[in-house]
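S.K.: model the structure of this input:
(one chain, ligands or ions: 1)
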Amino acid sequence: MQKRVLVTGGAGYIGSHVVKALGEKGHEILVYDNLSTGHRESVLYGELVVGDLCNTENLAKVLKDFKPDAVMHFAASIQVNESVKKPLKYYINNTVNTLNLLDLLVKNSINDFVFSSTAAVYGMPDKIPVKESSPLIPINPYGSSKMMVEYMLKELSYAEKNFNYISLRYFNVAGADERGRIGQKYKEATHLITCALKAAVGEFNRLEIYGTDYDTPDGTCIRDYIHVNDLSDAHILALEYLFEKDISDVFNIGYGCGYSVREVVQAVKEVTGIDFPVCEIGRREGDSPVLVADSSKIKEKFSWKPKYDNLSYIIDTAWKWEKKLH
Ligand code: UFG
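M.R.: Below you'll find the predicted structure:
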């Protein structure tokens, strides 16, 4: 059934892929985005309202006029390392802005909410792959800012009988639309696959590996890379679940397969056929040594079936997109 969905941050990398998936399902979409890191042309479906989440007056008006059945909340600051240097930026953009948004949702009786959470809430988990039930002990302000929202959501859903949410803890999202319409495009690239592709295309003169002395088999950090389309499908399933059921829940989304930084760099060289320069430097602040998802819960509950669980495919779609930008 067609629903009205407000998507904050829907012009951004992940938000725009979910908007595409929502549009393909025929939902009516309104994107609310300040275009700080997003792009007007990335919104393939629905209407875009350029606005800031901290402008609560504007946001209240948008909610009153559009009357969404559900809100999907992507707008956030997302760089682990930046969060260590500018913690308050993260608590304002991620925690305070979400608090104000939730306040408006309650006031307007908007009861279904999908939240972009992160694997960074786990910090340095004892057990890998990490389950949702693992303790939340973030090691950087980014993870803390998202964990605080998870606490608010849990308590709000207890207090407000009709309010339900699904929190999706993303692992490392990468790749691009298979038709090359949308992909990752930040003023300053920081994510590993994008940085390696920029080294391959010659925009960066080299790829820097941040830390080779971690307690991992090759000394570099290990991450679970998931294709943005599989992540988008999980959002659609989460939304449909919220429309059908009166339940809130939290899910990991990753493939359960970890690759070290060195392995990713090697895979990027193989996919692109370019042997770009690589330089090993010191650790980046805030990095967790290993983050790999146990995603059995979302597979069981939502019958989520990843289709693009292949690092070379992920890199290939991102490579096609990156080449288009040059
Ligand atoms: N890295 C490099 N060189 C680079 C870029 C990254 O060595 O040029 C390393 C990082 O130090 C890290 C790994 O590659 O060990 C992955 O780094 P990313 O910046 O690509 O991603 P993060 O793991 O830091 O963070 C991402 C998202 C977060 C999310 C997290 C979950 O940005 O929002 O994945 O695992 F929380």
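S.K.: going by C-alpha atoms from here, please, whenever you check contacts or count neighbours.
M.R.: OK.
S.K.: what comes up buried for stretch 284-300?
M.R.: Neighbour counts using 16 or more other CA atoms under 10 Å place 285-299 of stretch 284-300 among the buried residues.
S.K.: try stretch 47-63
M.R.: For stretch 47-63, burial by neighbour count (16+ other CA under 10 Å) applies to 48, 49, 51, 52, 53, 54, 56, 59, 60, 62, 63.
S.K.: ok so the first one is a helix residue?
M.R.: I take that to be residue 48. No. Looking at residue 48 with DSSP: H, G, I helix; E, B strand; the rest coil, it is strand, so not inside a helix.
S.K.: tell me which residues form a beta bridge with it?
M.R.: residue 31 (DSSP bridges).
S.K.: quick one on the thing from earlier: show me which of the buried residues of stretch 284-300 neighbour the ligand.
M.R.: By CA under 6 Å from any ligand atom, the members of the buried residues of stretch 284-300 lying near the ligand are 287, 291.
S.K.: following the helix or strand containing residue 268, which helix or strand shows up next?
M.R.: Element membership of residue 268, judged by DSSP states H and E, is helix 261-272. Next in sequence after helix 261-272, counting helices and strands by DSSP H and E, comes strand 278-281.
S.K.: against residue 220, how distant is the residue nearest to residue 69 when sequence neighbours are not counted?
M.R.: In this structure, residue 69 finds its nearest non-sequential neighbour in residue 4, 5.3 Å apart by CA to CA, 6 or more residues apart in numbering. Distance of residue 4 to residue 220, given as CA to CA, to the nearest Å: 44 Å.
S.K.: out of these two, which sits in the busier spot?
M.R.: Neighbours per residue, other CA atoms under 10 Å: of residue 4 and residue 220, the larger number sits with residue 220, 23 against 16.
S.K.: coming back round to it: what is the helix holding residue 268 packed up against?
M.R.: helix 192-201, helix 311-324 (3 or more CA pairs under 8 Å, 6 or more residues apart in numbering; DSSP states H and E).
S.K.: ok, back up a step: ramachandran coordinates for the residue nearest to residue 69?
M.R.: As for residue 4, its main-chain torsions (degrees, to the nearest 10) stand at phi -100, psi 120.
S.K.: can you check the one 5 residues further on too?
M.R.: Comment: the main-chain dihedrals of residue 9 come out as phi 70, psi 20, following degrees, to the nearest 10.
S.K.: relative to the ligand, how far out is the residue nearest to residue 69?
M.R.: 27 Å (CA to the nearest ligand atom, to the nearest Å).
S.K.: surely that residue touches residue 72?
M.R.: No. If you go by CA atoms under 8 Å, residue 4 and residue 72 don't touch, sitting 10.9 Å apart.
S.K.: circling back: among the buried residues of stretch 284-300, name the ones in helices.
M.R.: Of those, the ones assigned to helices by DSSP state H are 296, 297, 298, 299.
S.K.: what's the pLDDT at the third one?
M.R.: Residue 298 is assigned a pLDDT of 98 by the prediction.
S.K.: list the contacts for it?
M.R.: Residues near residue 298 by CA atoms under 8 Å, 6 or more residues apart in numbering: 251, 252, 253, 304.
S.K.: most surrounded residue in those residues?
M.R.: Neighbour counts for these (other CA under 10 Å) peak at residue 253, which has 32 neighbours.
S.K.: can you give me the pLDDT of the nearest residue to that residue once chain neighbours are set aside?
M.R.: Distances taken as CA to CA, 6+ apart place residue 170 nearest to residue 253, at 5.1 Å, with adjacent residues excluded. Per-residue pLDDT puts residue 170 at 98.
S.K.: residue contacts, residue 170?
M.R.: Taking CA under 8 Å, 6+ apart, one finds 116, 117, 118, 119, 231, 252, 253, 254 in contact with residue 170.
S.K.: what about the ligand: which of those touch it?
M.R.: Answer for the contacts of residue 170 near the ligand (CA under 6 Å from any ligand atom): 118, 119.
S.K.: buried subset of the contacts of residue 170 as a ChimeraX selection?
M.R.: To isolate the buried members of the contacts of residue 170 in ChimeraX, using 16+ other CA under 10 Å:
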select :116,117,118,119,231,252,253,254
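S.K.: and the contacts of residue 170, which is closest to residue 20?
M.R.: Residue 20 lies nearest to residue 231 out of the contacts of residue 170, by CA to CA, at 12.1 Å.
S.K.: surely the closest one touches residue 253?
M.R.: Yes. If you go by CA under 8 Å, residue 231 and residue 253 touch, sitting 6.9 Å apart.
S.K.: tell me the residues of the stretch 151-300 of the chain that contact the ligand?
M.R.: When proximity is defined by CA under 6 Å from any ligand atom, the stretch 151-300 of the chain lies next to the ligand at 171-172, 190-192, 195, 207-210, 221, 261, 284, 287, 291.
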